[in-house]
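Peer 1: Have a look; sequence and predicted model below, questions after that.
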Amino acid sequence: MNTKNCLLAFLVSCAFALVAAEPWEDPAVNAINRLPARGISVPCETEDLALDIAQGLRAKGDSRWIMPLNGEWDFKWKSATSVPDWEKSGKIAVPGCWQLQGDYDPALYSNVTYPIERDAPRVTKEPANKAWTAFKFRNPVGLYTTTFKRPWRWWFRRTVLHFNGVSSAFRVRVNGKDVGYAEDSRLPSEFDLTPYLNVFFANTLEVEVYKHCDGTYLEAPSWQSGYTGCSQPRRPQRLQTVPESRRRPDPAWQFCRRLRPSRCNTSCPDLRCRTSEMLQNPVPLQRCDGNPFP
């Protein structure tokens, strides 16, 4: 009986530990409220614009359905997730690495050695070696903040926040409300911001970035060039708008830039994600060189 009671108590304590775990230390949580992964496309109002963007003749931001978020953001920093208050603040360039834009935790390079004390899936264990960067900077956090106003043409459409890559985990908040969470440093992440936005007033976007997460145990040794200890929205970020109803696609979309004649079929990820819509509402498709698909 005592053995059963001890086993039950152990299982209950484990269950509470799992429930209490932060998402960045929970292997069961890879994302919260993130939109399903898909082939990346750029909504455009005309076919000519879509082709120009696909060929690199014009920027993606030339589409009225795209709002680039690159530029100067407000920034706050603290040395560890356990620190209650922000320790430093300033301005920062996005995309960019905070370790290279101010007196924060230093950038580091690690090849086969983990940059943190191994205690998977946790990333905040105190290193035995006090010379380690992670001894003082256990798991630094950066808070990126900016504001934007939704154009009137977007009012009756969905507004999607698109990240091309953030190292290594992050939360998203809009107007003080939690929107979602995501990991995967080298993959795009998208969130539907529509329910959280003000229609007539400016909106405040916050992105809270964690330097390490449980994914660090996989990402650090898998990067052939070595793990670089830089935390940031590492690629261009943007807002984009899509139709409220997905049954009717935009007049034109930019498809995969590197399409080749031998690959111009529905096996292309960018085409596959749109196949069901195109079957219902066919639209003319062209390769990036302007020629029709064979």
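Peer 2: Yep, that arrived.

Peer 1: Now do the strands in the stretch 151-294 of the chain.
Peer 2: Taking DSSP state E, counting those that start in this stretch as the test, the strands found in the stretch 151-294 of the chain are 157-163, 166-167, 169-174, 177-182, 189-192, 203-210, 227-228, 232-233, 237-243, 252-254.

Peer 1: any chance of these in TSV, with distance to Arg138, mean pLDDT and mean neighbour count too?
Peer 2: C-betas here are computed from N, CA, C, even on glycine. Supplementary listing: the strands of the stretch 151-294 of the chain in TSV, determined by distance: least, C-beta to C-beta, whole Å; pLDDT from 0 to 100; neighbours: other C-beta atoms under 10 Å:
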stretch	distance to Arg138	mean pLDDT	mean neighbour count
strand 157-163	25	94	20
strand 166-167	17	86	26
strand 169-174	15	96	23
strand 177-182	20	97	19
strand 189-192	25	95	20
strand 203-210	11	96	20
strand 227-228	17	45	18
strand 232-233	18	62	25
strand 237-243	27	86	20
strand 252-254	42	36	22
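
Peer 1: Just put those strands in a markdown table and tack on distance to Gly96.
Peer 2: What follows is the strands of the stretch 151-294 of the chain, written out as a markdown table (distance: least, C-beta to C-beta, whole Å):
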| stretch | distance to Gly96 |
| --- | --- |
| strand 157-163 | 14 |
| strand 166-167 | 11 |
| strand 169-174 | 14 |
| strand 177-182 | 19 |
| strand 189-192 | 18 |
| strand 203-210 | 11 |
| strand 227-228 | 13 |
| strand 232-233 | 6 |
| strand 237-243 | 11 |
| strand 252-254 | 25 |
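
Peer 1: quick one: which of these is nearest Asn30?
Peer 2: Across these, Asn30 has its closest neighbour in strand 177-182 (7.7 Å, C-beta to C-beta).

Peer 1: ok and that closest one relative to strand 157-163, angle-wise?
Peer 2: What separates the directions of strand 177-182 and strand 157-163 is an angle of 50 degrees, with axes from the mean of the first three to the mean of the last three C-alpha atoms, to 10 degrees.

Peer 1: Now do strand 177-182: which elements does it pack against?
Peer 2: With contacts taken as 3 or more C-beta pairs under 8 Å, 6 or more residues apart in numbering; DSSP states H and E, strand 177-182 sits against strand 31-32, strand 169-174, strand 189-192.
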